[in-house]
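> model this:
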Amino acid sequence: RRIELPKVHRAPSMRIAILNYDPPSRSPAFVLEIGHHLGEAGHAAFLAPKSLTELGMNTRRVVRMVRQIEADAWVVVGGSRELLDWFVEQPTPAFALAGRLRTVPLASIGPDKLPAMLEVVRRFVELGHRRIVLLEREERRKPEPGYPEQMILAELERLGIQTGPYNLPDWEGNSEGLHQLLDSLFQHTPPTAMLVDEPFLFAAAQQYLARRGIFAPQDVSLACCDPDPTFAWSRPSVAHIRWDPREIVRRVVRWADNVARGKDDRRKGFSQAEFVEGGTMGPVRET
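Below you'll find the model as predicted:
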């Protein structure tokens, strides 16, 4: 007698909880597509009731919620180092999607934006900019700057620009905090160039500047660290960092299938990213 698997053999189904960074209304489309593709692979994927930002990025509150949810595996989007360290110690498998994933022993993937980000700041300097600000979310700054942020500040130093809190400013992670930061930045020594973390922050900053009569690229150069469909409709075109989310979605599904088959998959990976120089970057304005 022989036992033969069917020609189309799927891995056992798992309940996979997706711990999102933002609520669905503010999440990139590819994050929500992950649940769809996991479902097509035979798994039952669902969003956790609250996102990390809705829980204030408070690890204690997040852990309390996670412990109340029945899941065979977790996908953690944009997790802090403290939170990812906690998942490492749990018996339930977890996958880190972006966030502070470089040195945490979890399966993970994210876009490798550092080479492109370095290219952006070098281009800023080539265009004559010296007052360069990185507008980053709190978990990229605390408890210490992430590896990409450290490398960017080091590159600015190498290019002859003395760095400090001005270049990676602290701010409260909400709309009021963002506008207070921009008020402060543009009061005395306004930046001539800004590299902005995410498209929604880019849009908010651009709107703030427009209300004050400050426009890119003639008054300030702007670039975004991520792509967004709206950039294709923007005039001037938006300088940004482009990467393919499909590679990330495929990796998450492969990890889920491997875990369902009993494999201890902790491979780490990064998808390629490239700098797209758009019309929001230009020479520093002479004063």
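
> could you check how far Phe30 is from Gly269?
16 Å (Cβ to Cβ, to the nearest Å). Every C-beta, even on glycine, is put in place using the N, C-alpha and C of the backbone.

> between those two, which has more neighbouring residues?
Set side by side, Phe30 and Gly269 show more neighbours around Phe30, with 16 against 13, by other Cβ atoms under 10 Å.

> longest helix of this structure?
As assigned by DSSP state H, the longest helix anywhere in the chain is helix 245-260.

> for the host helix or strand of His36, list the C-alpha coordinates in PDB.
Assigning secondary structure by DSSP states H and E places His36 in helix 29-40. Taking Å, rounded to 0.1, in the frame of the first residue of the first chain, the C-alpha atoms of helix 29-40 are listed here in PDB:
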ATOM      1  CA  ALA A  29      -3.200  48.700   0.600                       C
ATOM      2  CA  PHE A  30      -0.600  45.900   0.500                       C
ATOM      3  CA  VAL A  31      -1.000  45.300   4.300                       C
ATOM      4  CA  LEU A  32      -4.700  44.600   3.800                       C
ATOM      5  CA  GLU A  33      -3.900  42.500   0.800                       C
ATOM      6  CA  ILE A  34      -1.800  40.200   2.900                       C
ATOM      7  CA  GLY A  35      -5.000  38.900   4.600                       C
ATOM      8  CA  HIS A  36      -6.500  38.200   1.200                       C
ATOM      9  CA  HIS A  37      -3.500  36.300   0.000                       C
ATOM     10  CA  LEU A  38      -3.300  34.300   3.200                       C
ATOM     11  CA  GLY A  39      -6.900  33.400   2.700                       C
ATOM     12  CA  GLU A  40      -6.300  32.200  -0.800                       C
END
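
> residues touching the residue nearest to the spatial centre of the chain, list them.
With distances taken as Cα atoms, centre = their mean, Ala98 lies nearest the centre of the chain, 5.8 Å away. Ala98 sits next to 21, 77-78, 110-111 when contact means Cβ atoms under 8 Å, 6 or more residues apart in numbering.

> kindly indicate which of the residues you listed lies nearest Gly164.
Closest approach to Gly164 among the contacts of Ala98 (Cβ to Cβ): Gly78, at 26.3 Å.

> number of residues surrounding Thr230?
Around Thr230 there are 11 residues (other Cβ under 10 Å).

> okay, and the beta partners of Phe46?
Under DSSP bridges, the beta-bridge partners of Phe46 are Ala17.

> low-scoring stretches of the chain, by residue?
For the chain, the stretches with pLDDT under 70 are 1-11, 287.

> give me phi/psi at the nearest residue to Leu32 once chain neighbours are set aside?
Leaving aside its sequence neighbours, Leu32 sits nearest to Pro24 (Cβ to Cβ, 6 or more residues apart in numbering; 6.3 Å). The phi/psi pair for Pro24 (degrees, to the nearest 10) reads phi -50, psi -30.

> check Leu222 too.
Note on Leu222: its backbone torsions stand at phi -130, psi 140 [degrees, to the nearest 10].

> wait, doesn't it sit right on Ala204?
No: under the criterion of Cβ atoms under 8 Å, Leu222 is not in contact with Ala204, lying 11.8 Å apart.

> those two: which is more packed in?
Using other Cβ under 10 Å as the criterion, Leu222 and Ala204 rank with Leu222 on top: 27 against 17.

> quick one: contacts for the more buried one?
Taking Cβ under 8 Å, 6+ apart, we find Leu222 in contact with 193-194, 196, 202, 205-206, 216, 238-239, 280-281.

> okay, and which of the residues you listed map to helices?
202, 205-206.

> where do the strands sit along the stretch 101-250 of the chain?
Taking DSSP state E, counting those that start in this stretch, the strands of the stretch 101-250 of the chain run over residues 107-111, 132-135, 193-196, 221-224, 239-243.

> can you spell out which helices and strands pack onto the last one?
Same thing as strand 239-243. Contacts defined by 3 or more Cβ pairs under 8 Å, 6 or more residues apart in numbering; DSSP states H and E place strand 239-243 against helix 114-126, strand 221-224, strand 273-276.
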